[in-house]
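> Next one to model:
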Amino acid sequence: IDIVLLSHNHYDHLCYDTVRYLAAADVNTEFVVPLGLQTWMERWVTSTNPIHELDWHESTSIHGIMDVTSVPMKHWSNRGGDRDKTLW
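Predicted coordinates for the structure are as follows:
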């Protein structure tokens, strides 16, 4: 797996065990997360897994062969009482 795209922090979209498994399976797997989730990811993945935190309309290049752009959606975020503190 080259890239993991996370859309928001709901438990059914951001599962600790799955993130840890994917990060450990390949230290080169890159994670793209919305603004506000990089801190979570830094605690969960290995120090070598690249993490790209994007605000709406920001882009990043993955392995130099693909660009990923974050776009706004009409939704909400919430994990442990932090409703709408991160992007969705």
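> Give me the mean pLDDT for stretch 65-82.
Confidence for stretch 65-82, expressed as mean pLDDT, is 78.
> for stretch 28-47, which positions count as buried?
Of the residues in stretch 28-47, those with enough neighbours to count as buried (16 or more other CB atoms under 10 Å) are 29-34, 36-38, 40-41, 44-45. For every residue, glycine as well, the C-beta is placed using N, CA and C.
> In terms of secondary structure, what does the helix or strand that contains W40 contact?
Using DSSP states H and E, W40 maps to helix 38-44. Using 3 or more CB pairs under 8 Å, 6 or more residues apart in numbering; DSSP states H and E, the elements in contact with helix 38-44 are helix 16-25, strand 30-34, strand 51-54.
> wait, isn't V33 in contact with H52?
Yes: the pair V33 and H52 qualifies as a contact (CB atoms under 8 Å) at a distance of 7.1 Å.
> hang on, the earlier thing: quick check: of the buried residues of stretch 28-47, which lies closest to P72?
Here the nearest of those to P72, counting by CB to CB, is P34; it sits at 9.8 Å.
> Please verify my assumption that the closest one contacts L54.
Yes: using CB under 8 Å, P34 is in contact with L54, at 6.4 Å.
> Now do the shared contacts for these two.
Taking CB atoms under 8 Å, 6 or more residues apart in numbering as the contact rule, P34 and L54 both touch S70.
> So L14: helix, strand or coil?
When the structure is split into helix, strand and coil by DSSP: H, G, I helix; E, B strand; the rest coil, L14 lands in coil.
> who touches the least confident helix or strand in the chain by mean pLDDT?
Least confident element among the helices and strands of the chain, by mean pLDDT, DSSP states H and E: helix 38-44 (a mean of 89). Outside of helix 38-44, the residues that reach it under the criterion CB under 8 Å, 6+ apart are 9, 14, 16, 19-20, 23, 31, 33, 51, 53.
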